[in-house]
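Undergrad: give me a model of this one.
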Amino acid sequence: MKNIYIVLIVLGSLVTMAFTIDINKKDRSNFELSEEAIYEPIVVLELFTSQGCSSCPSADLLLQKVKKEYKEKVFALSYHVDYWNYIGWKDPFSKSEFTKKQRAYNIKFRNRSNYTPQLVVNGKEHFVGSSSAKMYGRINDYGQKKATNKINLNGASVDKNKVSFKYQVQGSLKNKMIRTLLVLDERTTQVKRGENRNRTLQNSNIVVAEKSVVLEESASTIEISIPKLVKPNDNLNLIVLVETKEYDIKAAAKQSLVR
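TA: Presented below is the predicted three-dimensional model:
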């Protein structure tokens with residue numbers, strides 16, 4: 001009989017321990033979740049556009065407008081796709097890689113095909129980039145959501161045809177990527193053919209180089225090459241994003257580059 005009592009006491013202790021461990025795990029999990037969202041909100045606007053698309057200039061201008069209005073909060077990016085080039089005007093900023101990037105987003109969104117102008121917000125949703133009401137609405141919405149990571153940039157320097165900088169990321173690195181971009185502030189183009197023939201287009205926030213790597217260290221150094229289309233007198237900006245492998249953007253930072 002004593003042996004039975006001993007067995008029951010031991011079993012009771014084990015159950016209590018397991019229950020306590022489970023509670024601790026849940027408490028720790030809840031703590032980790034609450035600790036994630038402690039950084040200032042960021043709004044990353046990625047516009048997929050083209051000089052060969054007649055409906056794109058209005059979206060280009062809207063993106064530039066909100067960038068000026070929300071200097072600290074908004075990170076504006078213009079990706080020029082290449083599928084409009086067949087009409088007769090080859091967009092000098094277009095790249096097939098940007099078309100593939102747009103396709104990856106649309107697969108994620110379960111959207112049937114690429115289109116321009118398409119605006120993606122924080123990698124999480126999309127709409128027609130010329131829609132002023134949606135643009136301001138989403139800036140307001142995402143501008144109130146705390147970010148789950150923070151990235152600081154230090155010591156950015158330009159050496160001949162490359163940019164080098166140090167970064168430090170706060171928050172979880174698990175399943176994250178770091179995306180480095182060189183962004184041309186502005187360029188004016190005389191379009192001679194295509195849907196915008198005989199128009200003078202002013203494009204801004206133009207992504208001219210991009211590099212993505214797995215985020216394995218909270219602090220390190222990255223280098224990225226400056227493409228030949230960037231002129232010595234161009235204003236060039238560095239924008240660095242932290243994103244998941246599903247393209248959800250978790251942090252952003254930017255810095256002007258002195259050349």
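
Undergrad: my read: Ser54 touches Val191, true?
TA: No. With contact defined as Cβ atoms under 8 Å, Ser54 does not count as touching Val191 (10.4 Å). C-beta here means a position set from N, CA and C on the backbone, and glycine is covered the same way.

Undergrad: so Ile107 belongs to a helix, correct?
TA: Yes. Ile107 forms part of a helix when assessed by DSSP: H, G, I helix; E, B strand; the rest coil.

Undergrad: can you show me the helices along the stretch 1-150 of the chain?
TA: 2-36, 56-69, 96-109, 132-142 (DSSP state H, counting those that start in this stretch).

Undergrad: which one of these has the lowest average pLDDT?
TA: Of all the helices of the stretch 1-150 of the chain, the minimum mean pLDDT falls on helix 2-36 (a mean of 42).

Undergrad: pLDDT weak spots in this structure?
TA: 1-37 (pLDDT under 70).

Undergrad: go again using 80 as the cut-off
TA: Across the chain, the ranges flagged by pLDDT under 80 are 1-37, 258-259.

Undergrad: quick one, the helix or strand where Ala253 lies and helix 132-142 angle?
TA: Following DSSP states H and E, one finds Ala253 within strand 249-257. Put simply, strand 249-257 runs at 100 degrees to helix 132-142, going by axes from the mean of the first three to the mean of the last three Cα atoms, to 10 degrees.

Undergrad: paired strands for strand 249-257, with orientation please.
TA: The pairing partners recorded for strand 249-257 under DSSP bridges are strand 236-244 (antiparallel).

Undergrad: residues in contact with the partner strand: which ones?
TA: Residues outside strand 236-244 that contact it (Cβ atoms under 8 Å, 6 or more residues apart in numbering): 44, 75, 77, 123, 149, 151, 153, 156, 158, 163, 165, 167, 169, 171, 175-185, 215, 222, 226, 230, 249-257, 259.

Undergrad: so what's the residue nearest to Leu215 when sequence neighbours are not counted up against?
TA: Among residues not flanking Leu215 along the chain, Lys176 sits closest, at 4.2 Å (Cβ to Cβ, 6 or more residues apart in numbering). Neighbouring residues of Lys176 by Cβ under 8 Å, 6+ apart: 149, 169, 214-215, 242-245, 250.

Undergrad: one more pass at 7 Å, please.
TA: Neighbouring residues of Lys176 by Cβ atoms under 7 Å, 6 or more residues apart in numbering: 215, 242-244, 250.

Undergrad: tell me how far the ends of stretch 172-180 are from each other?
TA: 19 Å (Cα to Cα, to the nearest Å).

Undergrad: ok now it, how far from the chain's centre?
TA: 11 Å (Cα atoms, centre = their mean, to the nearest Å).

Undergrad: ok, now stretch 82-97?
TA: The answer for stretch 82-97 is 23 Å, by Cα atoms, centre = their mean.
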